[in-house]
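> okay, here's the prediction I keep looking at, along with the sequence it came from:
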Number of protein chains: 2
Amino acid sequence: VRNSNHYGIAGYYAEMAVEEGLIGISLTNTAPLVVHTFSREPLLGTNPIAFAFPTGGRYPVLVDMATSVVSRGKLEVCSRLNESIPKGWAVDEAGRVATDPKRVLISLKRRKGGLLPLGGEGEEFGGHKGYGLALMVELLSSGLSLGSFSYDTYSEKGGITHFFAAIDPAIFGDPKKIKKHVEVLIKRLKRAEKAEGAERIYLHGEKEYEKRDESLKYGVEIDEPTYQQLKELSEKLDIQIEI
Amino acid sequence: VRNSNHYGIAGYYAEMAVEEGLIGISLTNTAPLVVHTFSREPLLGTNPIAFAFPTGGRYPVLVDMATSVVSRGKLEVCSRLNESIPKGWAVDEAGRVATDPKRVLISLKRRKGGLLPLGGEGEEFGGHKGYGLALMVELLSSGLSLGSFSYDTYSEKGGITHFFAAIDPAIFGDPKKIKKHVEVLIKRLKRAEKAEGAERIYLHGEKEYEKRDESLKYGVEIDEPTYQQLKELSEKLDIQIEI
């Protein structure tokens, strides 16, 4: 898919496959936000990978992750809350580790500095691996579709590209047996001995599905500055909101 | 594929697809070496992802990476050289950050502690994302094949499982145009402004292909302790080696 725009949550499309009993994969490039290893220019997107696998339990396994350490949204939240960011999330215009989210967000607009790929700066903790994943997503979404690469998006129009795939487990074996089999893995991972100080071991998607269930029941929780922003917007646009 | 054994370099199989003009994907689980987020038990493997994409240039793009921060091999090298390891590569039997590679390698034999997933400890730098990638590999290799999960391998026999996929770019468009298109991305990434102190920006596979060319020309370079080990082994087994 090419010439698209922000497609919302990558995981949404992967989940659609699971509803049909399939394994879902959903990839997209994004606005240029990520500096690849040893660079200071944000040419790649946060290029998320979403992967959903049907299980025998209540929720599918849903991995839905930016291939950067964090997404831009996390910087925006810290910026609103006037908090600094940990060393290893982003770099400034010179490619040096940055701790001020406001500065990174401003320099990103001038296409300098940006978010670090998963694994962080350089190669010591595998930053080149996050770069490799972002590159993989870029090749499958923009490469195959002959669409815009992340660094060329949002110049005139969105120009975002996506890649979707669904795999039928039935090609490999009895889907019921496969579901039962993966439940064994899930249970074993969940009842692993916990690290010192850890409270709970999660499976991918679990936290989000529980939160979704909770939000549907009790409503969506937001922080104070976000509430203020929404309130100002609603007054400015003369829209009644119930919060 | 199930009931297999160590299959060597994951990238080798992905490259086979490229030789046929296809995109290659090769995944495998491994011996249990990786502690998933908030756990202290090594239940998952280093579960590498290999991805090869045909280009118009000399080398394909070849991403070939363990989904852990580092592979066990890196700990073995540091152990032989009597070096400590950086904080963030591995944890000890209690799930605490470890710096002594010998201790980690010993406790791994008792299935305690182990390598951290890409992104490191906890969730602050995206360790849960590396865990998610390892889980994805585990589901596609052991899940679909109804084979052994990493934590059940090497009990009686290897029991390793693999997943292979090849995607024909021709399904999406003219393969020649796609190759030409991705060359634009590759060139742009390579001539990006470098971070302070960085010497060169690499593309995935480039370093390895150059090294391969060099090794074929000049021979393979090894470190002193490895040389000694090889020498001892050759004397013990009475095998003539030329080094």
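Yep, that arrived. All values reported here derive from a predicted model rather than from experimental measurement.
> tell me the first helix or strand C-terminal of the longest helix along chain A.
If you go by DSSP state H, chain A has its longest helix at helix A:175-190. On the C-terminal side of helix A:175-190, the nearest following helix or strand under DSSP states H and E is helix A:206-218.
> what does the helix or strand of chain A with the lowest mean pLDDT rub up against?
Least confident helix or strand, chain A: helix A:224-236 with a mean of 87, by mean pLDDT, DSSP states H and E. For helix A:224-236, contacts defined as C-beta atoms under 8 Å, 6 or more residues apart in numbering or on different chains pick out A:R80, A:L81, A:I222, A:I239, A:Q240, A:I241, A:I243. C-beta: built from backbone N, CA, C; applies to glycine.
> can I get that helix in PDB, CA atoms only?
C-alpha atoms of helix A:224-236 as PDB (Å, rounded to 0.1, in the frame of the first residue of the first chain):
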ATOM      1  CA  GLU A 224      -3.900  16.400  33.900                       C
ATOM      2  CA  PRO A 225      -2.100  18.400  31.100                       C
ATOM      3  CA  THR A 226      -3.900  16.300  28.400                       C
ATOM      4  CA  TYR A 227      -7.200  17.000  30.100                       C
ATOM      5  CA  GLN A 228      -6.500  20.800  30.100                       C
ATOM      6  CA  GLN A 229      -5.600  20.600  26.400                       C
ATOM      7  CA  LEU A 230      -8.900  18.800  25.600                       C
ATOM      8  CA  LYS A 231     -10.800  21.300  27.700                       C
ATOM      9  CA  GLU A 232      -9.200  24.300  25.900                       C
ATOM     10  CA  LEU A 233      -9.800  22.700  22.500                       C
ATOM     11  CA  SER A 234     -13.400  22.000  23.400                       C
ATOM     12  CA  GLU A 235     -14.000  25.600  24.400                       C
ATOM     13  CA  LYS A 236     -12.200  27.000  21.400                       C
END
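> hang on, the earlier thing: most neighbours, which of the contacts of helix A:224-236?
A:R80 (16 neighbours; other C-beta atoms under 10 Å in any protein chain shown).
> from chain B, how far out is the spatially closest residue to that one that is not a sequence neighbour?
Computed as C-beta to C-beta, 6 or more residues apart in numbering or on different chains, the closest residue to A:R80 that is not its neighbour in sequence is A:P225, at 4.3 Å. Distance of A:P225 to chain B, given as C-beta to the nearest C-beta, to the nearest Å: 22 Å.
> and the gap between A:P225 and A:L33?
22 Å (C-beta to C-beta, to the nearest Å).
> which residue of those two possesses the greater neighbour count?
Per other C-beta under 10 Å, whichever of A:P225 and A:L33 has more neighbours is A:L33, with 26 against 13.
> can you show me the strands along chain A?
A:23-28, A:34-35, A:42-44, A:49-53, A:61-65, A:90-91, A:97-98, A:114-115, A:162-167 (DSSP state E).
> dump the C-alpha coordinates for the fifth one into CSV.
Presented in CSV, the C-alpha positions along strand A:61-65 are these (Å, rounded to 0.1, in the frame of the first residue of the first chain):
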residue,chain,number,x,y,z
VAL,A,61,-0.7,-12.8,21.4
LEU,A,62,-0.4,-9.3,20.0
VAL,A,63,3.1,-7.9,19.6
ASP,A,64,2.7,-4.2,18.5
MET,A,65,5.9,-2.3,18.8
